[in-house]
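>>> Quick one, fold the following:
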Amino acid sequence: MRAMRLRRVGQPLVLEEVPRPQPGPGEVLVRVLACGVCRTDLHVVDGELTEPKLPLVPGHEIVGRVDAPGEGVSGFETGDLVGVPWLGWTCGDCDHCRAGRENLCVRAEFTGYTRNGGYAEFTVADARYCFPVSGYSPEAAAPLLCAGLIGYRSWRMAGGEEPRRLGIYGFGAAAHILAQVAVAKGQELYAFTRPGDTQAQDFARRLGAVWAGGADETPPCPLDAAILFAPVGELVPTALSHVRPGGRVVSGGIHMSDIPSFPYRLLWEERSIHSVANLTRRDGEEFLALAPTVPVETETRAYPLAQANQALDDLRHGRFTGAAVLIP
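Residues are numbered from 1 along each chain as shown. Model (predicted):
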């Protein structure tokens, strides 16, 4: 089969012919129909996430059809359309797993990082961490598997429907999905983009934002909560300065540049900072049931598998709105 593989951190992916993987007990072989290109993939390729399995097939926003279930798999049959997310395996035995916090499993494995992912024609996934997909084409569904799921978990950590005024910093794949959920729930959405990025600001307004401006601008009123998808540490104190007393700032990224020091007065009055790590199966089940009812519509740009490096570079430089998706 064809696969785009990372052989050395910091170097372009290489298109190779590799053996088709075989599913082990509890796993399914998935024929990949679409795989989203996520900013986490950039963190892996660029070495900001420091422990990838090499050589590695990246990609963790996978949608495909079950080609062959492994021994002991129940609930999935050949031909079923499934999604495979970032969290690829957990032990089920550690304190976190037993407490329902499997996203913090001490031995967790991650799709497209410590397990081969979806920048390929086939991949193998733990059936426990596959979700049925319905109501979407594979291309449209792919961004839901990380941008959607991490966005949803970030939104829950920010208070879910409770905040009336919600700010989102970094208006990319996750933000354009979450914006639709927030607006559908009656929240006022304030979008912060790269300074001068009028295309992204217009996109945010088209999705229902009541205000859109650069991350260097001040919103017209205090926010009840803010979510950061841009991996820019300097935005943490900025967001704190924009939320009201008792407000929460949530960082939805897996990697962020260093947060500069800031005066205690920004944190005082019971403001808080919260990070989001990975996802749980509950997040997947809830969000994939919610998305079609909104309905969330993803805006995508499709690339053939061999153009994965171009897709990553376009993402790095913000050359599109919405989400990039590889089509093997």
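>>> Now do the helices in the stretch 101-250 of the chain.
Here the stretch 101-250 of the chain has its helices, by DSSP state H, counting those that start in this stretch, at 138-141, 147-157, 173-184, 198-206, 235-242.
>>> if I look at the residue nearest to A120 when sequence neighbours are not counted, how far off is A173?
In this structure, A120 finds its nearest non-sequential neighbour in A3, 3.6 Å apart by CB to CB, 6 or more residues apart in numbering. For glycine as for every other residue, the C-beta is placed from the backbone atoms N, C-alpha and C. A3 sits 23 Å away from A173, taking CB to CB, to the nearest Å as the criterion.
>>> Of the helices of the stretch 101-250 of the chain, which is nearest D93?
Taking CB to CB, helix 147-157 is the member of the helices of the stretch 101-250 of the chain nearest to D93, at 23.0 Å.
>>> The closest one - what's its average pLDDT?
Averaged across helix 147-157, pLDDT comes to 97.
>>> Other residues contacting that helix?
Contacts with helix 147-157, where a contact means CB atoms under 8 Å, 6 or more residues apart in numbering, come from 36, 38, 61, 85-86, 166, 172-175, 177-178, 181-182, 227, 229, 248, 250, 252, 274, 276, 279-280, 283-284, 286-288, 290-291, 296, 298, 323.
>>> Could you check the angle it makes with helix 173-184?
50 degrees (axes from the mean of the first three to the mean of the last three CA atoms, to 10 degrees).
>>> Was I right to think I177 contacts T298?
Yes: between I177 and T298 there is a contact at 6.4 Å, judged by CB atoms under 8 Å.
>>> what do those two both touch?
With CB under 8 Å, 6+ apart as the test, I177 and T298 both reach P143, L144, G148.
>>> Among these, name the buried ones.
P143, L144, G148 (16 or more other CB atoms under 10 Å).
>>> Quick check: pLDDT value at the second one.
In this case it means L144. 97.
>>> If I follow the layout properly, it ends up in contact with G83?
Yes: L144 lies in contact with G83 (CB under 8 Å); the separation is 7.0 Å.
>>> tell me, what's touching the two both at once?
With CB under 8 Å, 6+ apart as the test, L144 and G83 both reach L288.
>>> wouldn't G79 be in contact with V66 here?
Yes: in this structure G79 lies within contact range of V66 using CB under 8 Å: 6.4 Å.
>>> what about those two, which has more around it?
Shown here are G79 and V66; by other CB atoms under 10 Å, V66 has more neighbours (21 against 9).
>>> picking up where we left off before, would TSV of the shared contacts of I177 and T298 with distance to L315 be doable?
Formatted as TSV, the shared contacts of I177 and T298 follow (distance: CB to CB, whole Å):
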residue	distance to L315
P143	12
L144	17
G148	16
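>>> quick check, nearest of these to L223?
Of the shared contacts of I177 and T298, the one sitting nearest to L223 (CB to CB) turns out to be G148, at 22.3 Å.
>>> what comes up buried for stretch 6-17?
Neighbour count says stretch 6-17 has L6, L13 buried, by 16+ other CB under 10 Å.
>>> ugh, typo on my part, it should be stretch 251-266
In stretch 251-266, counting by 16+ other CB under 10 Å, buried: S251, G252, G253, I254, M256, L266.
>>> just stretch 317-328 next, same as before
Per 16+ other CB under 10 Å, stretch 317-328 contains these buried residues: F320, T321, G322, A323, A324, V325, L326, I327, P328.
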